[in-house]
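Student: only the shape, not the letters, is given here:
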């Protein structure tokens, strides 16, 4: 079926990093874009797409206004990592443009991939993102106390070791940790540990942490 999203901004979830995880519907719309907006890493996934490419860095507020202007005359596709409806730039775009002006194509979140990698269901889990957020630790501690499973998005500052030390400092101890790095990529790593051991764990870049009660 021919897609027709003219003047709508299409927000595409690009999954955890490997192009094979991007849906055919997403690839179809990326190929037809006039303007492709995304991080350097995501734009590099599509060297053969003949669209104007705009790099998304920390220019979120400025760029969302430009996206609104461009979409009046051109087909704009915004690439986000993971799933657009799970801790992504899509929320800012939809808030600015309105739901009626956006079409969202889902992607596979690294959280989904992490739960699959460790063989755990995620329908009974809750989630926290510490990616670029240093003020969420009170919320994290509360969720870890109250829930059997907590999935956490991390970054280079809020690492699994930092998270483990914060939880230990709050008095939480008896928990199982899964640290999932570089999911879907050749250097993928999944480690199972506990809070005390994780407090000294070295990791490389963003990872997903799953904390589970014993």
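Tutor: Great, that's in hand. Everything quoted here is computed from the prediction, not taken from an experiment. Numbers count the residues shown, from 1 in each chain.
Student: going forward, measure contacts and count neighbours with C-alpha atoms only.
Tutor: Noted.
Student: and for the worst-scoring helix or strand of the chain on mean pLDDT, what's in contact with it?
Tutor: Across the helices and strands of the chain, mean confidence by mean pLDDT, DSSP states H and E is lowest for helix 60-70: a mean of 90. Helix 60-70 has contacts (C-alpha atoms under 8 Å, 6 or more residues apart in numbering) with 9, 56, 76, 89, 92-93, 96-97.
Student: now swap in stretch 188-200 and tell me
Tutor: Stretch 188-200 is touched from outside by 117-118, 160-165, 167-168, 173-183, with contacts defined as C-alpha under 8 Å, 6+ apart.
Student: give me that answer again for 7 Å
Tutor: With contact meaning C-alpha atoms under 7 Å, 6 or more residues apart in numbering, stretch 188-200 is reached by 160-162, 164-165, 173, 175-182.
Student: first to last residue in that stretch, what's the distance?
Tutor: This stretch, stretch 188-200, spans 20 Å end to end (C-alpha to C-alpha, to the nearest Å).
Student: all helices of this structure, in order?
Tutor: 24-31, 40-43, 60-70, 90-97, 110-118, 137-146, 160-169, 195-198 (DSSP state H).
Student: would you tell me which of those helices gets closest to residue 212?
Tutor: For residue 212, the closest of the helices of the chain is helix 137-146, at 8.2 Å, according to C-alpha to C-alpha.
Student: about what we covered before: the least confident helix or strand of the chain to helix 90-97, inter-axis angle?
Tutor: 50 degrees (axes from the mean of the first three to the mean of the last three C-alpha atoms, to 10 degrees).
Student: report the buried residues of helix 60-70.
Tutor: By 16 or more other C-alpha atoms under 10 Å, the buried positions in helix 60-70 come out as 63-64, 67-68, 70.
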